[in-house]
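Peer 1: 3D model of this:
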Amino acid sequence: AALGRFPIRYAVPAILLMAFLIYIIFFNLVMMPIAKGSADRLIRSTLLERMQNLRAGLEHAYQAGDEGAIDKMIFYANAAQQSRRLFVIDQAGFVIKAHRARFAGGDIALADTAYDQAKAALAAASADINVQEVGDGLFAAYSVMNIQGQKYILYLVDDYSLRIAEITRLTTIPETIGAGLLLVVVLLLGFLLYFTLTGRLNQLTQAANAIASGQTGVRAGLDGADEIAQLGRVFDTMAIGVDKARLELEHARTDSEYANRAKSDFLANMSHEIRTPLTGVLGMLEALKELKLTPEARRFAVMANKSAFSLLDLVNDILDFSRLEAGKKLLRTAPMNIATMVRSVHDALAHQAVINDLDLDCEKAMSAALWIEADEKALKQILMNFVNNAIKFTRKGSVKVSVEAVDREDGMIDLNMSVTDTGDGIEEEDLVRLFERFEQVEEFKHSQKGTGLGLAICRELIRLMKGKIWAESKVGKGSIFHISVPVSRSDSY
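Peer 2: Numbers count the residues shown, from 1 in each chain. This next block holds a predicted model:
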């Protein structure tokens, strides 16, 4: 209870001090034998990163032809405390850029061996960054740069003797002796803090997990005057807000679903009401075409008839989509023959393919002797949409329908149907939103008529069938539209 009222902000410095003392003990008793190796790896890693950044910057500046940026990078690179020498050398061995700092002791000539190896790396066109220790605390690094098809050496010498001396200074014995005397105290205080704080933090964690899992009315209920208790009170306030927001969100979702259903019902009813008189208009236009008309009047009648049919297609699409969105579309499963369904699609669209000078290839699909239990009207609507789109958006070549049945382990089959065309293809960014409602490929928005609902309706029908729908395309090569639907075989023949 006493520790529960002790502010954690006072405990944090104590814990840091304890950790520091433990670190000193560990460093002296365990890490001292490998301190030099660790320092070497650290220095090599630092120098490697320094070389990578410098090489990337210089290559970019050389490519841009910015001499001012090149000189500035070399100047700032050499301004580092440890920097001793920096060269850029061309293939002929001439130094084209150099900056040499004042020597702070040590013989830079010790790097001559690394310099010779750097020239050898240039001859071999090696892009690796090589780091070597060439003296006491003196490290040389070199790498080949590719600049506008030419090879250059970036050659750097750094002095890390001060850093090595600092590491050596830390590996002293007096700190170890003093730290050892405090180890027992550190352990005792650490255990006390651990067991005191862990229980309270676990209580807070459990409350957070409960809220994350969807529970309501959860509170942490932490007492005390320390920071964890304050955090618990803030958490409880937040939990009240979360409960309130969750309730409001539930109400909003209910209202949204109701409004969506009302919209769908309205669209479905309006589409149905519009379709009824429109059917009469179509009948009258067909009758008008049978009368003796002047050529101009007949042309007007044909145009009106085509426009009326386009309007009917639009109304049908809206009606279908509204029923799907409102959940009023029910699948009617019955025995059906795939070949018969494909043949009916072929017969309906073959004339349009001939007009567009396209080869509509359904022969293999029409020969598939496959009876299944499925909604034939829905499958035909999807296939008709795929083939019709392929004919509309293919300027030359062919449109091919493929059907495949794959047995599943549960005794059903996956009915895979695809439509392949040799059209212009679809951009990748358009494929992502292709099956969204009112979406059309940008290139054909103004050249082809349509509502942009056809593929959205196909997607919803496939969702009802618990299947998958997707498309593949390469610009200039064509597109393939796929569906995969789980169905059962039928005994009807």
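Peer 1: which stretches of the protein form helices?
Peer 2: For the chain, helices defined by DSSP state H occupy the ranges 8-26, 35-64, 67-78, 112-124, 161-170, 174-212, 227-289, 295-326, 338-355, 363-366, 376-392, 428-432, 454-464.
Peer 1: packing partners for the longest one?
Peer 2: Right, helix 227-289. When contacts are defined as 3 or more Cβ pairs under 8 Å, 6 or more residues apart in numbering; DSSP states H and E, helix 227-289 sits against helix 8-26, helix 174-212, helix 295-326. C-beta coordinates here come from the backbone N, C-alpha and C atoms, glycine included.
Peer 1: those: lowest mean pLDDT?
Peer 2: For those, the bottom mean pLDDT is recorded on helix 8-26, which sits at a mean of 64.
Peer 1: worst mean pLDDT across the helices and strands of this structure, which element?
Peer 2: helix 112-124 (a mean of 61; mean pLDDT, DSSP states H and E).
Peer 1: nearest residue to residue 383 other than its sequence neighbours?
Peer 2: residue 345 (5.2 Å; Cβ to Cβ, 6 or more residues apart in numbering).
Peer 1: my read is that residue 394 contacts residue 359, right?
Peer 2: No. At 10.0 Å, residue 394 does not count as touching residue 359 under the criterion of Cβ atoms under 8 Å.
Peer 1: ok, the two, which is more surrounded?
Peer 2: Counted by other Cβ atoms under 10 Å, residue 394 and residue 359 do not tie: residue 394 has more neighbours, with 20 against 12.
Peer 1: and the closest residue to the more buried one other than its chain neighbours, how far is that from residue 477?
Peer 2: Once flanking residues are discounted, residue 394 sits nearest to residue 423: 3.9 Å by Cβ to Cβ, 6+ apart. Distance of residue 423 to residue 477, given as Cβ to Cβ, to the nearest Å: 9 Å.
Peer 1: got it, and residue 49?
Peer 2: 44 Å.
Peer 1: what mean pLDDT does stretch 216-225 get?
Peer 2: Rounded mean pLDDT across stretch 216-225 is 79.
Peer 1: distance between the ends of it?
Peer 2: Stretch 216-225 has an end-to-end distance of 26 Å (criterion: Cα to Cα, to the nearest Å).
Peer 1: quick one: buried residues of it?
Peer 2: 218, 220, 222, 224 (16 or more other Cβ atoms under 10 Å).
Peer 1: could you do stretch 358-377 as well?
Peer 2: 358, 360-362, 365-366, 370-372, 374-376.
Peer 1: closest to residue 331 among the residues you listed?
Peer 2: residue 375 (4.3 Å; Cβ to Cβ).
Peer 1: could I get the pLDDT score of the closest residue to the closest one other than its chain neighbours?
Peer 2: Closest residue in space to residue 375, ignoring its immediate chain neighbours: residue 331 at 4.3 Å, by Cβ to Cβ, 6+ apart. pLDDT for residue 331: 77.
Peer 1: ok, now residue 488?
Peer 2: For residue 488, the predicted pLDDT is 92.
Peer 1: that one touches residue 372, doesn't it?
Peer 2: Yes. Counting by Cβ under 8 Å, residue 488 touches residue 372, with 6.8 Å between them.
Peer 1: in stretch 278-294, what's buried?
Peer 2: Per 16+ other Cβ under 10 Å, stretch 278-294 contains these buried residues: 278, 282, 285, 288.
Peer 1: neighbouring contacts of it?
Peer 2: For stretch 278-294, the surrounding residues in contact (Cβ atoms under 8 Å, 6 or more residues apart in numbering) are 298, 301-302, 304-305, 308-309, 311-312, 315.
Peer 1: okay if I get those as TSV plus distance to residue 466?
Peer 2: Formatted as TSV, the contacts of stretch 278-294 follow (distance: Cβ to Cβ, whole Å):
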residue	distance to residue 466
298	50
301	46
302	44
304	43
305	40
308	37
309	33
311	34
312	31
315	29
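Peer 1: can you put those residues in CSV and add neighbour count and distance to residue 85?
Peer 2: Below are the contacts of stretch 278-294 laid out as CSV (neighbours: other Cβ atoms under 10 Å; distance: Cβ to Cβ, whole Å):
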residue, neighbour count, distance to residue 85
298, 14, 93
301, 19, 92
302, 14, 88
304, 16, 88
305, 17, 88
308, 18, 86
309, 13, 83
311, 15, 82
312, 16, 84
315, 20, 82
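Peer 1: what about residue 389, distance to residue 454?
Peer 2: Taking Cβ to Cβ, one finds residue 389 at 7 Å from residue 454.
Peer 1: let me see the backbone angles for residue 466.
Peer 2: phi 60, psi 40 (degrees, to the nearest 10).
Peer 1: use 20 as the first number from now on
Peer 2: Understood, numbering begins at 20; the last thing we discussed is residue 485.
Peer 1: that one is in contact with residue 503, isn't it?
Peer 2: No. Counting by Cβ under 8 Å, residue 485 sits too far from residue 503 to count as a contact (10.3 Å).
Peer 1: spatially central residue in the chain, please.
Peer 2: residue 451 (12.5 Å; Cα atoms, centre = their mean).
Peer 1: mind listing the shared neighbours of residue 507 and residue 391?
Peer 2: residue 432.
Peer 1: residue 485 and residue 503 - which one has more neighbours?
Peer 2: Taking neighbours as other Cβ under 10 Å, residue 485 and residue 503 compare with residue 503 leading, 17 against 8.
Peer 1: could you pull up the residues touching that one?
Peer 2: Per Cβ under 8 Å, 6+ apart, neighbours of residue 503: 433-435, 486-488.
Peer 1: do that again at 6 Å, thanks
Peer 2: Applying Cβ atoms under 6 Å, 6 or more residues apart in numbering to residue 503 gives the contacts 433, 435, 486-487.
Peer 1: quick one: the residue of the chain most remote from its centre from residue 270, how far?
Peer 2: The centre of the chain is farthest from one residue, residue 311, which by Cα atoms, centre = their mean lies 63.8 Å away. Distance from residue 311 to residue 270, counting by Cβ to Cβ: 66 Å.
Peer 1: grab the nearest non-local neighbour of residue 454.
Peer 2: residue 478 (4.4 Å).
Peer 1: quick one: that neighbour from residue 404, how far?
Peer 2: Distance from residue 478 to residue 404, counting by Cβ to Cβ: 11 Å.
Peer 1: go on, residue 278?
Peer 2: 29 Å.
Peer 1: contact partners for residue 507?
Peer 2: 392, 431.
Peer 1: what is the neighbour count of residue 247?
Peer 2: With other Cβ under 10 Å as criterion, residue 247 counts 17.
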